[in-house]
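Student: got a predicted structure here, sequence first:
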Amino acid sequence: MKSTDQVVKEYGHARLIRSIVRAVGKHHFRDIYNHGADAGYPGITYTSDCISLAWRNKREIRSMLEQYSEDLGEDIGEMLQT
């Protein structure tokens, strides 16, 4: 199992990853890393939790979206719509 630091080194976006780890706890973060977040986890299950997390990390999330849209060769708005 990778540590938080290893995940950060692999994917970047340290602030966002550490914020998610704080929100869900290390135990649940390992499950999310291995299997995705479809099951629902404390700290990110409810819309109000996600909104709070997103507002605290909006610059990093925006940066990720811009990077992904550029990699796909799409406009960010079009990418989000699809």
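Tutor: Right, received. Where do you want to start?

Student: which one's the longest helix in this structure?
Tutor: Counting residues, the longest helix found in the chain (DSSP state H) is helix 58-72.

Student: just the CA trace of whichever helix or strand comes after it, in CSV.
Tutor: Using DSSP states H and E, the helix or strand that follows helix 58-72 in sequence is helix 76-81. Output of helix 76-81 as CSV, limited to C-alpha atoms (Å, rounded to 0.1, in the frame of the first residue of the first chain):
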residue,chain,number,x,y,z
ILE,A,76,-12.8,23.1,-20.1
GLY,A,77,-16.6,23.9,-20.3
GLU,A,78,-17.2,21.2,-23.0
MET,A,79,-15.1,18.7,-21.1
LEU,A,80,-17.3,19.2,-18.0
GLN,A,81,-20.5,18.9,-20.0
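
Student: give the other helices and strands that helix 76-81 contacts.
Tutor: If contacts are counted by 3 or more Cβ pairs under 8 Å, 6 or more residues apart in numbering; DSSP states H and E, helix 76-81 sits against helix 58-72. In this view, the C-beta of every residue, glycine as well, is placed from N, C-alpha and C.

Student: what packs against the longest helix of the chain?
Tutor: Applying 3+ Cβ pairs under 8 Å, 6+ apart, one finds that helix 58-72 contacts helix 14-24, helix 76-81.

Student: looking at it, Leu80 is touching Leu65, isn't it?
Tutor: Yes. In this structure, Leu80 is within contact of Leu65 by Cβ atoms under 8 Å, at 7.2 Å.

Student: picking up where we left off before, closest one to Leu53 among the helices and strands packed on helix 58-72?
Tutor: Minimum separation from Leu53 across these (Cβ to Cβ) falls at helix 14-24, 5.7 Å.

Student: now the element after that closest one, going C-ward?
Tutor: Downstream of helix 14-24, the first helix or strand assigned by DSSP H and E is helix 26-35.

Student: alright, I will stop here.
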